[in-house]
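Chemist: got a sequence here, can you model it:
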Amino acid sequence: MKNPYDILGVAPAASAAEIQSAYRKLAKKLHPDLNPGDKGAEEKFKEVAGAYDLLSDPEKRKRYDAGEIDESGAERPQHQYYRDFADPDFGQYASDGGFADFAQGDDPFADLFRRSAEARANRRGRDLHYRLEISFVESITGGSERITLPTGGTLDVSIPAGIVDGQTLRLKGKGTPGSGKGGPGDALIEIDVRPDPRFKRDGDDITIELPISLSEAVLGGKIRVPTPTGDVTMTVPAGANSGTTLRLKGKGAPRRGGARGDEFVKLRIVLEKPIDPDLRAFVSNWEAGKAFNPREDIAR
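Modeler: Here you go, the predicted structure:
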């Protein structure tokens with residue numbers, strides 16, 4: 001594996017935020033779902049994910065910078081110092097008997113060393129961190145996604161309805177294996193919600209700006225309105241203006257207790273182009289329309 005800093009294109013002194021930003025850009029470009037059948041992109045994505053896994057973990061990054069582990073996270077050969085022999089994975093000190101030479105009888109340090117050895121022998125596995133990009137609609141409705149791991153394996157993730165951008169999901173037991181009686185770590189999935197050009201979210205409510213024709217504004221009528229769960233029919237009242245906001249109850253994001261937020265529909269009158277000659281002629285001869293000043297209430 002190459003140098004993880006080179007893979008992400010950051011300097012060794014890069015901050016955690018710079019590392020995260022570099023990973024996001026590369027992941028969005030190389031993700032297998034966006035490059036179906038492209039083995040080269042898939043391999044590069046694995047490298048990027050592996051590099052981010054190493055550098056996003058402060059402890060692993062510190063150990064890598066110190067030369068204690070290599071790019072894959074494996075231990076590098078080291079000189080044997082006294083502290084190496086205190087590790088429960090090394091030689092005589094893997095059992096309680098190895099501490100006999102430290103203390104006898106009631107020496108308090110004997111119990112301290114013994115408990116330290118037990119904790120090391122039953123160490124919990126490490127948590128693994130991933131980022132998952134989902135659509136805005138899926139963030140409202142929920143769904144399921146599959147993550148491709150740096151090892152080539154996959155991880156199925158259930159997306160709860162109403163999840164927000166930046167929220168982290170915890171998958172119990174999906175991290176690295178523990179040692180002894182220590183259980184495995186967890187997988188932590190940070191959610192990245194792609195913006196939707198139609199919808200804006202404010203808490204549990206969403207807003208959409210919807211164009212309507214002049215005829216629909218003047219006469220009113222029924223129109224189709226997109227929602228995250230599918231199109232619905234809404235009635236536009238006669239005489240609606242641009243900026244008029246209507247509410248679709250219960251079409252927003254889920255709330256606690258089973259309720260849902262609302263969808264607010266902001267109307268915007270759009271004239272056809274080119275303007276119809278009959279409409280132009282009518283407006284030209286419409287004296288009442290010419291006399292109306294919609295800006296008379298604006299303070300000067």
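Chemist: ok, and what's touching the helix or strand that Arg61 is a member of?
Modeler: Using DSSP states H and E, Arg61 sits within helix 58-65. For helix 58-65, contacts defined as CB atoms under 8 Å, 6 or more residues apart in numbering pick out 4, 12, 16, 53-55, 69-71, 73. Every C-beta, even on glycine, is put in place using the N, C-alpha and C of the backbone.
Chemist: now, the residues you listed that are in strands?
Modeler: Secondary structure defined by DSSP state E assigns none of the contacts of helix 58-65 to strands.
Chemist: flag every buried residue along stretch 244-257.
Modeler: Of all the residues in stretch 244-257, those buried under the rule 16 or more other CB atoms under 10 Å are 244, 246, 248, 251-254.
Chemist: of the contacts of helix 58-65, just the buried ones, PyMOL syntax please.
Modeler: Here is the PyMOL command that selects the buried residues among those (16+ other CB under 10 Å):
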select buried, resi 4+53+54+55+69+71+73
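Chemist: can you tell me which of the contacts of helix 58-65 is closest to Pro211?
Modeler: Proximity of those to Pro211, judged by CB to CB, is greatest for Ala16, which lies at 43.2 Å.
Chemist: what ranges do the strands span in the stretch 101-250 of the chain?
Modeler: Using DSSP state E, counting those that start in this stretch, the strands assigned to the stretch 101-250 of the chain run over residues 128-134, 143-148, 154-159, 168-171, 187-193, 199-202, 205-212, 221-225, 232-236, 245-248.
Chemist: who touches the second one?
Modeler: When contacts are taken as CB under 8 Å, 6+ apart, the neighbours of strand 143-148 outside the stretch itself are 31-33, 42, 45-46, 130, 132, 134, 138, 154-159, 189.
Chemist: just the buried ones from those?
Modeler: Among the contacts of strand 143-148, those classed as buried by 16+ other CB under 10 Å are 31-32, 42, 45-46, 130, 132, 134, 138, 155, 157, 159, 189.
Chemist: residue ranges with poor pLDDT in the stretch 51-200 of the chain?
Modeler: Counting by pLDDT under 70, the stretch 51-200 of the chain shows low-confidence ranges at 77-120.
Chemist: how about a cut-off of 50?
Modeler: Applying pLDDT under 50 to the stretch 51-200 of the chain picks out residues 79-105.
Chemist: what segments of it are helices?
Modeler: The residue ranges that make up the helices of the stretch 51-200 of the chain, judged by DSSP state H, counting those that start in this stretch, are 58-65, 108-121, 136-141.
Chemist: check the contacts of helix 58-65 and tell me the two furthest apart.
Modeler: Largest separation among the contacts of helix 58-65 by CB to CB: Ala16 and Asp70, giving 21.2 Å.
Chemist: can you put the strands of the stretch 101-250 of the chain in a markdown table and add distance to Val270?
Modeler: Written out in a markdown table, the entries for the strands of the stretch 101-250 of the chain read as follows (distance: least, CB to CB, whole Å):
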| stretch | distance to Val270 |
| --- | --- |
| strand 128-134 | 31 |
| strand 143-148 | 33 |
| strand 154-159 | 35 |
| strand 168-171 | 41 |
| strand 187-193 | 28 |
| strand 199-202 | 19 |
| strand 205-212 | 4 |
| strand 221-225 | 12 |
| strand 232-236 | 13 |
| strand 245-248 | 17 |
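Chemist: for the residue most central in space within the chain, give its distance to Ser139.
Modeler: Within the chain, the residue whose C-alpha comes closest to the C-alpha centroid is Ile191; the distance, by CA atoms, centre = their mean, is 1.8 Å. In this structure, Ile191 and Ser139 are separated by 7 Å, where distance is defined by CB to CB, to the nearest Å.
Chemist: so what sits against both of the two?
Modeler: 159, 163-165.
Chemist: give me the domain ranges for this protein.
Modeler: Under the assignment named as automatic domain parsing, the residue ranges that make up the domains of the chain are 82-121, 125-196, 199-290.
Chemist: Serialize those domains to JSON lines and add fields for distance to Gly37.
Modeler: As requested, the domains of the chain are exported to JSON lines (distance: least, CB to CB, whole Å):
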{"stretch": "domain 82-121", "distance to Gly37": "43"}
{"stretch": "domain 125-196", "distance to Gly37": "14"}
{"stretch": "domain 199-290", "distance to Gly37": "30"}
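Chemist: closest to Leu8 out of these?
Modeler: The closest approach between Leu8 and any of these, judged by CB to CB, belongs to domain 125-196 at 13.3 Å.
Chemist: may I have the distance across the closest one, first residue to last?
Modeler: The first and final residues of domain 125-196 sit 38 Å from each other (CA to CA, to the nearest Å).
Chemist: tally of neighbours for Ala17?
Modeler: Using other CB atoms under 10 Å, the number of residues around Ala17 comes to 8.
Chemist: then Asp276?
Modeler: Should you count by other CB under 10 Å, Asp276 turns out to have 12 residues around it.
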